[in-house]
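Colleague: Below: sequence and its predicted model.
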Amino acid sequence: MEAAAIEHGHDEHHGPPTANVSSRVDSRLLGIYIFIASEIMLFGSFFTALFFVRVVVPHESWPPPGYHLPVFMALLNTIILVTSSFSMHWALQSIKRNHRAGLIAGLSLTFLLGLTFLLIQMREYSRLGFGPGSDAFASTFFGLTGLHGAHVFVGLNLLAFALVRSIRGHYGPEGHDHLGVEIPGIYWHFVDVMWIVVFTVVYVI
Amino acid sequence: MRNPLRTEAEAFSFVLVFVALAVVVGLAVWLAGPKVGFAVFLALTIGIGVGLFLKSDPKVTEPAVWDRHRPDGVNRILVIANETVAGTALRDEVVSRARDGASEVLVVTPALNSRIRHWTSDEDGARAQAQDRLEASLASLGASGVRAKGQVGDDDPLQAIGDALRTFPADEIIVSTHPPGRSNWLERDLVGRARETYPCKITHVVVDLEAEREAS
């Protein structure tokens, strides 16, 4: 009996003391904010290169003569990605209401929409008729859209982790119990916003 | 500047804003050509940046603890102080209010920390120092016959008051600071902001530690 009590006491004091956490920002959320801030600067450098090529290199028209960008397919991709933000938001709202089926359905839909976006982009790359090494415009085009595609790929991985965990019964409606969905959600919306800017700058203007 | 991406829901609303802006830019390109569209894009981008920077924090409506009915007749005093927590002026002020025995006193010492340490969650040292000052203050009040409890609070004193009020519905708040010119809290108008935010009596006590040391 005494041995059991001692063993129990030993278990209670195992491990480091509880860390102090500020009441204003969770360290995991702070991590994603810093990461997104660095990503904005990374995208900013690619946008700068695109604007530089457009302003400095004299062209009669934009895109330069001989290039035809698939605007319709890009618009379709934009609609797909914006729709995926809605499904992501639905997923998080579902778990906040303790509706697990909605969470799983929302994450699944978001994942499928993101995958569709990526497949369409890869298909368009193969049909463009020019490559990253063709000239400066082509380099900046592939650099910017490819950088975004890489971010979609990372987002899909995060969504896959969240989806598997939600199927296994993780996450809950209280407090930080759904932070594992909220953080990929913030990242996914960032990727979506970035695509809207990329689409506007590369395909529309 | 308020962080516009505090939650997924706010990030989602950001998506909607950018969709609307893309539609506006698209219309400008369609109606007036790419150059005008680019100008609209630049203007909107700068506008969003400036708008986010200027957007102030939402008005704090804190907290509903005064609505609770408290028939116990106990006078609850919340003391917020840090370096001045052991000052004689503050102790005398608290003792004069709480000596009757029908009062409860909660002393909160914010864990003052540097910005960089705060953002890296390196708060252990600041909390330990605040805890030391708090214990000295509670011992001093106890020796004067005042029943007092204490806790270490957030490094933002206004936040620390709000946190404390959620569990301690104070009738009066005593804010202790250094004299004007030497007080960061007064520089940030802590007392004024506390009076705007919390609808109860707020007393400002100035503690001049240097003068007290010289006098003793």
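Modeller: Arrived safely.

Colleague: going forward, measure contacts and count neighbours with C-alpha atoms only.
Modeller: Will do.

Colleague: Show me what from chain B comes close to chain A.
Modeller: Within reach of chain A by Cα under 8 Å from any Cα of the partner chain, chain B has these residues: B:5, B:7-9, B:11-12, B:14-15, B:18-19, B:22, B:25-26, B:29, B:34-35, B:37-38, B:118, B:120-121, B:123-124, B:154.

Colleague: Out of those residues, which sit inside helices?
Modeller: Those of these mapping onto helices are B:8-9, B:11-12, B:14-15, B:18-19, B:22, B:25-26, B:29, B:34-35, B:37-38, B:118, B:124, per DSSP state H.

Colleague: Where does pLDDT dip in chain B?
Modeller: B:1-5, B:56-72, B:99-101 (pLDDT under 70).

Colleague: element containing A:S38, please.
Modeller: helix A:27-56 (DSSP states H and E).

Colleague: average pLDDT across that helix?
Modeller: Helix A:27-56 comes out with an average pLDDT of 87.

Colleague: Go through it and flag the buried ones.
Modeller: For helix A:27-56, a neighbour-count test (16 or more other Cα atoms under 10 Å in any protein chain shown) marks A:29, A:33, A:36, A:39, A:43, A:46-47, A:49-51, A:53-54 as buried.

Colleague: Can you tell me which of those is nearest B:G145?
Modeller: Among these, A:L29 lies closest to B:G145 (Cα to Cα), at 45.3 Å.

Colleague: which residue packs closest to B:R127, ignoring adjacent ones?
Modeller: Leaving aside its chain neighbours, B:R127 sits nearest to B:A111 (4.9 Å; criterion: Cα to Cα, 6 or more residues apart in numbering or on different chains).

Colleague: quick check, the helix holding A:S38 touching chain B?
Modeller: Yes: between helix A:27-56 and chain B, judged by Cα under 8 Å from any Cα, the touching residues are A:S27.

Colleague: Run through the neighbouring helices and strands of that helix.
Modeller: Here helix A:27-56 is seen to pack against helix A:136-167, helix A:179-198 when contacts are counted using 3 or more Cα pairs under 8 Å, 6 or more residues apart in numbering or on different chains; DSSP states H and E.

Colleague: by how many degrees do that helix and helix A:179-198 diverge?
Modeller: Orientation check (axes from the mean of the first three to the mean of the last three Cα atoms, to 10 degrees): helix A:27-56 against helix A:179-198 gives 10 degrees.

Colleague: Helix A:27-56 to helix A:136-167, inter-axis angle?
Modeller: Here the directions of helix A:27-56 and helix A:136-167 differ by 160 degrees (the same axes, to 10 degrees).

Colleague: Please state the offset of helix A:27-56 from the chain centre?
Modeller: Chain-centre distance of helix A:27-56: 14 Å, with Cα atoms, centre = their mean, to the nearest Å.

Colleague: and the helix or strand following it, what does it pack onto?
Modeller: Using DSSP H and E, the helix or strand that directly follows helix A:27-56 along the chain is helix A:71-96. Here helix A:71-96 touches helix A:100-127, helix A:179-198, helix B:8-32, going by 3+ Cα pairs under 8 Å, 6+ apart.
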